[in-house]
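Asker: Fold the following for me, if possible:
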Amino acid sequence: MSVASIIPARPCNIPMPSLSTLACAPDAVTKSRWFQNTRPRWQLVSHASHDRNDADTFDDFVVKGKQFLDDLGSGLSTSPQFDRSVVTKELWDSENFGKRGEAYVLGQVVLGLLVIAPVINLEPLVRILAFSAVSLAAVIILSSLGTLGSNLTPLPKPRENAKLKNDGMFRYMRHPLYMGLILGSFGLAVITSSLSRGMFAVALTIILNYKAEFEEEKLVEKFGEDYIRYMSEVRRFWML
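Answerer: Okay, here's the model as predicted:
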């Protein structure tokens, strides 16, 4: 058998190393370099472009970070301009009173003070609301399961024989099951006074929102204009 029949054909314009070079490479570095050079040109360009994009993104991040710190320092080094007489005149301007957003300022001041010194204990009321939220969530979930019937699947892609549901809880929100999970999660976090549960409830809300987006893409593919019309009439989540 000839040597030519053993060695595979090399790509065009790629220099073939000598057999002695490949055989004598102590750590296969020479071999790996040669095989890397045999990759198609589009792969080499793609990898180089990807590396440049990563470098540009990091450089961008560094530049913006430095700019942010500079702007932060500039603001801290500048004394605030507060003219008491001008502010007093603005506050006592009876002609424009109520037209400049005074209600927002009043609410900001009152709620800010209550955050600092909560003179009113709302915990009993909040717990009652949380219990109500968990109960409502359970009812919404059970009702939605009944409405879905044979359409029920844990996967966001609908079944082949699925039918469009726009009755029951689906009349008020496109994803009542997800709404029930979100409402119940936050309610349970409040009832148990658990910050960890609250954080996980936020994470669950985010993942369910992305899942709902993916599911809606598949539903549009399946039901077309009917589901697009449904989306224009009904919110994704209740009150959201």
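
Asker: can we go C-alpha only for contacts and neighbour counts from here?
Answerer: Fine.

Asker: and the helix or strand harbouring E221, what other elements does it pack with?
Answerer: Assigned by DSSP states H and E, E221 falls within helix 195-223. The contact analysis (3 or more Cα pairs under 8 Å, 6 or more residues apart in numbering; DSSP states H and E) places helix 195-223 against helix 176-191, helix 225-233.

Asker: Include distance to Q108 when you put the ones you listed into CSV, please.
Answerer: Formatted as CSV, the helices and strands packed on helix 195-223 follow (distance: least, Cα to Cα, whole Å):
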stretch, distance to Q108
helix 176-191, 24
helix 225-233, 35
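
Asker: for the chain, which spans come out with low pLDDT?
Answerer: Where the chain drops to pLDDT under 70, the residues are 1-55, 82, 239-240.

Asker: where exactly do the helices run in it?
Answerer: Taking DSSP state H as the test, the helices found in the chain are 3-6, 19-24, 29-37, 41-77, 84-91, 102-116, 123-148, 176-191, 195-223, 225-233.

Asker: so which of the helices and strands packed on helix 195-223 comes closest to F131?
Answerer: For F131, the closest of these is helix 176-191, at 6.5 Å, according to Cα to Cα.

Asker: Any buried residues in the closest one, and which?
Answerer: 176-191 (16 or more other Cα atoms under 10 Å).

Asker: Equivalent analysis for stretch 152-172, please.
Answerer: 156-158, 162, 166, 169-170, 172.

Asker: Let me know the closest of those to G112.
Answerer: Taking these together and measuring to G112 by Cα to Cα, the closest member is Y172, at 35.1 Å.

Asker: show me what contacts that closest one?
Answerer: Residues in contact with Y172, defined by Cα atoms under 8 Å, 6 or more residues apart in numbering, are 234-235, 238.

Asker: Likewise for F68?
Answerer: Per Cα under 8 Å, 6+ apart, neighbours of F68: none.

Asker: now with 10 Å?
Answerer: Contacts for F68 (Cα atoms under 10 Å, 6 or more residues apart in numbering) come out as 62, 74.

Asker: Quick check, central residue of the protein?
Answerer: In the chain, the residue lying closest to the centroid (Cα atoms, centre = their mean) is I206, at 5.8 Å.

Asker: now S196: how far from F131?
Answerer: Distance, S196 to F131, by Cα to Cα, to the nearest Å: 18 Å.

Asker: higher neighbour count, the two?
Answerer: Set S196 next to F131 and count neighbours by other Cα atoms under 10 Å: F131 wins out with 16 against 10.
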